[in-house]
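> Quick one, fold the following:
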Amino acid sequence: MFPKVSIILLNWNGIKDTSECLESLKKIDYPNFDVIVVDNNSDGNEAEEIKNKFGDFVSHVMVNIENLGFSGGNNVGIKQALENNSDYLLLLNNDTIVESDFLSKLISNKDFSDKIGVFTPMITYYNDKNTIWSAGGRINKIRASGITFWPNKNSENYILNKLCEFASGCCMLIKKEVIEKVGLLDEKYFLYLEDTDYCQRVISSGYKVLYVGSSRIYHKVFSTTAKANKLLPLYYSIRNRLYFAKKNLGLYFYPAFLYLILVFCIKFIYPYKISPNTLKVIIHSFKDFFKKNMGRTTIFDVVN
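Numbering: from 1, shown residues only. As a prediction, the model looks like this:
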């Protein structure tokens, strides 16, 4: 028996990447899945383009009336997958290409342990397919973030399965029962750290995360957010790491706070070459956290 899997792709001004990802999904050998594409209020008519090109393959193309971010956009897809009575939900970045057997190999480990709630594959670079970008990871309380295992190592050396603490939101296969117990992604993050937060909640609920080294996909790193604004990852990383630490890590919030000041402030200010916009973004990230201004920021409406 093959459990039903809903594959959720989030599209935002990324029709080229989404199309390439969907073409690769057409070739997978797993027999029981559907694909849900959520368009996060792209500028053009990308949702219609997807319907026209992949309407016989994609079961649902859903259009948000505003950009809900990674967490909010994926939650729309997750809710639809639950309505579809899927047994598993796969969050997959639209800027990835998959091997034909990647899903079969993830699912083949479903009986590894009843306590496995999240599965993640080996993720290598799209432009360097033998070099690892992420192979599972751990949650570092001082840095208040997920730390990937074996980045930039040769992929052939890390094909064994491994229990871990962190699975990148780039590709997370989640059991339905986990969603029902743990809940949806936290939309206060908007972008970044929502996967770390979710893994922390999964582990706190008694489940485990499994890295499946034989399953492989390829990732075009930062193909969406970086082209939108180079300072955007900086803002959300600082603010959201503070929020993650405050929400999940208890007294570790304080060393995490000091660490972030050291890394994100002194690192930029010390050389005296910091741009006014970069400094403004750093200051806003701290201010917004303390003011509890979460979700989507408006700072980039004035910072170019």
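> drop to CA atoms for contacts and neighbour counts, all remaining ones
Will do.
> SS state for the nearest residue to Glu165 once chain neighbours are set aside?
Among residues not flanking Glu165 along the chain, Arg138 sits closest, at 4.6 Å (Cα to Cα, 6 or more residues apart in numbering). Under DSSP: H, G, I helix; E, B strand; the rest coil, Arg138 falls in the strand class.
> Start at 21, not 1
Renumbered: residue one is now 21, and that last one reads Arg158.
> and Arg158, what does it touch?
Residues near Arg158 by Cα atoms under 8 Å, 6 or more residues apart in numbering: 166-169, 184-186.
> ok, Glu185 touching Ile223?
Yes. Counting by Cα atoms under 8 Å, Glu185 touches Ile223, with 7.4 Å between them.
> Determine which member of these two has the greater number of neighbouring residues.
A count of neighbours by other Cα atoms under 10 Å puts Glu185 above the other of Glu185 and Ile223, at 23 against 19.
> and Ile194, that one's in a helix?
No. Secondary structure of Ile194, determined by three-state DSSP: strand, with no helix assignment.
> Check the gap between the closest residue to it other than its chain neighbours and Leu42 for me.
Nearest residue to Ile194 in three dimensions, chain neighbours excluded: Val138, at 4.7 Å (Cα to Cα, 6+ apart). Note on Val138: its distance to Leu42, by Cα to Cα, to the nearest Å, is 22 Å.
> the more surrounded of the two?
Legend: neighbour count by other Cα under 10 Å for Val138 and Leu42, higher for Val138 (29 against 22).
> list the contacts for the more buried one?
187, 192-195, 228-230.
> ok, now Asp59?
So Asp59 contacts 30-32, 66-67, 81-84, 93 (Cα under 8 Å, 6+ apart).
> Which among those residues count as buried?
30-32, 66-67, 81-83, 93 (16 or more other Cα atoms under 10 Å).
> how about the residue nearest the centre of the chain, what does it touch?
Nearest residue to the geometric centre of the chain (Cα atoms, centre = their mean): Gly189, 2.3 Å. Gly189 makes contact with 111-113, 214-215, according to Cα under 8 Å, 6+ apart.
> Of those residues, just say which sits nearest to Ser257.
Of all the contacts of Gly189, Ser257 sits closest to Glu214, with 10.6 Å by Cα to Cα.
> Next up, phi/psi of that closest one, please.
Taking degrees, to the nearest 10, you get phi -70, psi -30 for the backbone angles of Glu214.
> give me every residue that touches it.
By Cα under 8 Å, 6+ apart, Glu214 lies in contact with 91, 189, 205-207.
> How is this protein divided into domains?
According to automatic domain parsing, the chain comprises the domains 25-242, 249-321.
> out of those, deepest packed?
Comparing the domains of the chain by mean neighbour count (mean count of other Cα atoms under 10 Å), domain 25-242 ranks first with a mean of 20.
> How far does that one sit from its chain's centre?
Relative to its chain's centre, domain 25-242 lies at 6 Å (Cα atoms, centre = their mean, to the nearest Å).
> give me the low-pLDDT residue ranges for the stretch 121-270 of the chain?
Scanning the stretch 121-270 of the chain for pLDDT under 70 picks out 242-248.
> that older thread, farthest pair in the contacts of Val138?
Put simply, by Cα to Cα the two of those set farthest apart are Ala187 and Lys195, 13.7 Å from each other.
> can you list contacts of the host helix or strand of Pro275?
Take DSSP states H and E as the rule and Pro275 turns out to sit in helix 273-281. Helix 273-281 has contacts (Cα under 8 Å, 6+ apart) with 161-164, 258, 262, 265-266.
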